[in-house]
Structure formats: structure tokens, C-alpha cells
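Asks: I would like to see how this sequence folds:
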Amino acid sequence: MRRWTSKHCSEAGSPYLIAKSFLFLFFKNLAENRLLNSLRRKVSPQGLVVECSAVNQPNLSAKPTTVRRCLRKAETPGSIPGESIINFLLRSDIMKALFIGRFQPFHNGHLEAVRTMLKQCGHVIVLVGSSQFCYERENPFTVGERVEMISESLREAGLWDKCQVLSVPDIQNNALWVAHVNSVVPDYDVVYTNNSLTRRLFKEAGKRVESIPFHDRTNCDGTKIRKLMLTGSGWEKFVPKAAAAVIRQAKGPERMKEVGNGDKFGDDHEG
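Replies: I've put the predicted structure just below:
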């Protein structure tokens, strides 16, 4: 029987090198297949990568260096077969929208606004403003409750894989506000807002600004919904079911009755 020494192990064609090469290729392919399967689960039907699971970073804002750490190449539904995901994420035809609001609470009008934005953009960043305010007459819900309302509503509507929910506190300085927002959100191409001050600030900062089509403006209004919460009934039909569940869990109507005295609804409501 031939005895294998360290010299023989280094020779080409030796059983040692063959076994080593086989194991290397086996585990390399296994790791790559697991990564690609993970990525495919994070791809929307429209072919938009929504999350790079390897580093848990949002898709459309991920930097090339971040993406390279996640993967090399994969076939993305809706894109050119075999197209590099790095190039896919950087394609100029993928628009990223920014949607800012207090969402006190998140209602049907907000949800329809997101639907409208997704007809024009591939990704929507929903930014919860005034995040530090809560348990107040016009800001009854905490930032955590608002983020949960939005996230659950988007999941319920089948839009979660194309959206991202973040928050930002107010800084009470309009001149610096856009820079403050830009410091906490990924890159975006267009801002959707109907607020005249917000429009001016972003336009002066060189950003493209679009209006939001109103949906049932008479009823889908945060002020009216908070007023209905004070009476204790009728508010549920104007918010997504998932948001209503979060509001009930937080005892939103009871909270409104305690903090709503003196709100712009009038002084005829007792706490």
C-alpha cells in the first residue's frame, strides 16, 4: 500500500487535493444557493429588491459597497436575466418617493396616497414626523404606535415589500429642516406633500415635489377622526383595519377623551 506523505498531498491529482477541492466547491455552492434563495424571498412581484438580508439594509438606498457584501449576481424577476443586482438597484428608472406626515392616526387617505405613489415610483419611504410628540390633543399616539399602524396597514394591503417606515423628530427650525430630514432617510427622488411650507422648503433645497391626490377628504382627515374618537364611535371605518386594531390595543379613544379637552374640536367635550 502506498503511503501518502506531505509531499504527495501537494501533488496535482492526489486524493487529498481532490477531496479538498470537492469540499470547497460543495460548501461554496451551498452557501451561494442559500443566499440566493434568501434574496428571492425578498423580491417583490415587480422585481424590486426590498431588502438585502445578509446585512439587513433597505434595498433601494443600499450603497454599492453594501450590496457587494451581500451578493454578486442573481436573476431578478422583472429585470434582465442575470443582471447584476448592483446595477439593478442603481437603475435610473427606479424612483424613490418620500412621504412625510404626522399620521395621527394613519387613515385610509394615507393608504390610498401610498398606492398612488407606487404607481409612479418603485419604492416609498413613509416618514413619521413630529416623532417626539405624544399624549397631546393633536398628537395622541406615540411614534411606536404610529409606526406599527403604518407597518401593519401596509402589510395588510400587500404593499410592505415596496415601502419603508422611518421617523424623524421636529427641530423647530424651518431653515434646517430639510437637511435634518436628509440626515435620517435614504436617498429619494421626489417628495409627496400637500403642505405649502413643506413644498417650499424642499423646492428651495432642489428637490422635486408632487402633490398628493385627496381620497375622501371629507372623512379621511386626522382632525375629524380624532374628534370621532372623542365620541367613541364611527372612527374605525376611516382607518385601515390593521391600524384600527393598533388604536384599540392602545386604547386610543380613551386616551383622546383624557387629552382632548380644549382641542380645536371645541370645548363641548368633557374628558
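Asks: Looks like Gly260 contacts Ile225 (just checking).
Replies: No - Gly260 lies out of contact with Ile225 (C-beta atoms under 8 Å); the separation is 12.0 Å. Backbone N, C-alpha and C define where each C-beta goes, glycine included.
Asks: These two: which has the busier surroundings?
Replies: Taking neighbours as other C-beta atoms under 10 Å, Gly260 and Ile225 compare with Ile225 leading, 25 against 22.
Asks: Helix or strand for that one, just tell me which one.
Replies: Per DSSP states H and E: Ile225 is located in helix 222-231.
Asks: Arg102 - how many residues pack around it?
Replies: By other C-beta under 10 Å, 18 other residues sit near Arg102.
Asks: Show me how this structure divides into domains.
Replies: Following automatic domain parsing, one gets these domains for the chain: 14-89, 96-259.
Asks: Of these, which shows the lowest average pLDDT?
Replies: Per-segment mean pLDDT for these reaches its minimum on domain 14-89, at a mean of 45.
Asks: got the end-to-end distance for stretch 124-144?
Replies: Counting by C-alpha to C-alpha, to the nearest Å, you get 19 Å between the two ends of stretch 124-144.
Asks: Just the buried residues of it, please?
Replies: 124-131, 133-134, 139-141, 143 (16 or more other C-beta atoms under 10 Å).
Asks: Give the other helices and strands that the helix holding Ile225 contacts.
Replies: If you count contacts as 3 or more C-beta pairs under 8 Å, 6 or more residues apart in numbering; DSSP states H and E, helix 222-231 packs onto helix 252-259.
Asks: ok, 10 Å please
Replies: Under the contact criterion of 3 or more C-beta pairs under 10 Å, 6 or more residues apart in numbering; DSSP states H and E, helix 222-231 touches helix 108-120, helix 252-259.
Asks: Measure how it sits relative to helix 108-120, angle-wise.
Replies: 150 degrees (axes from the mean of the first three to the mean of the last three C-alpha atoms, to 10 degrees).
Asks: Run the angle between helix 222-231 and helix 252-259 for me.
Replies: With the same axes, to 10 degrees applied, the angle from helix 222-231 to helix 252-259 works out at 90 degrees.
Asks: tell me the SS of Pro186?
Replies: Secondary structure, DSSP: H, G, I helix; E, B strand; the rest coil: Pro186 is coil.
Asks: isn't it right up against Leu166?
Replies: Yes - at 8.5 Å, Pro186 counts as touching Leu166 under the criterion of C-beta atoms under 10 Å.
Asks: For Glu210, give the beta-bridge partners.
Replies: On the basis of DSSP bridges, Glu210 is bridged to Tyr192.
Asks: Tell me how far it lies from Val168.
Replies: Distance of Glu210 to Val168, given as C-beta to C-beta, to the nearest Å: 20 Å.
Asks: re earlier: with distance to Leu98 added, can I get the buried residues of stretch 124-144 in TSV?
Replies: Listed next are the buried residues of stretch 124-144 as TSV, based on distance: C-beta to C-beta, whole Å:
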residue	distance to Leu98
Val124	8
Ile125	5
Val126	9
Leu127	6
Val128	12
Gly129	11
Ser130	16
Ser131	15
Phe133	20
Cys134	23
Asn139	21
Pro140	25
Phe141	21
Val143	17
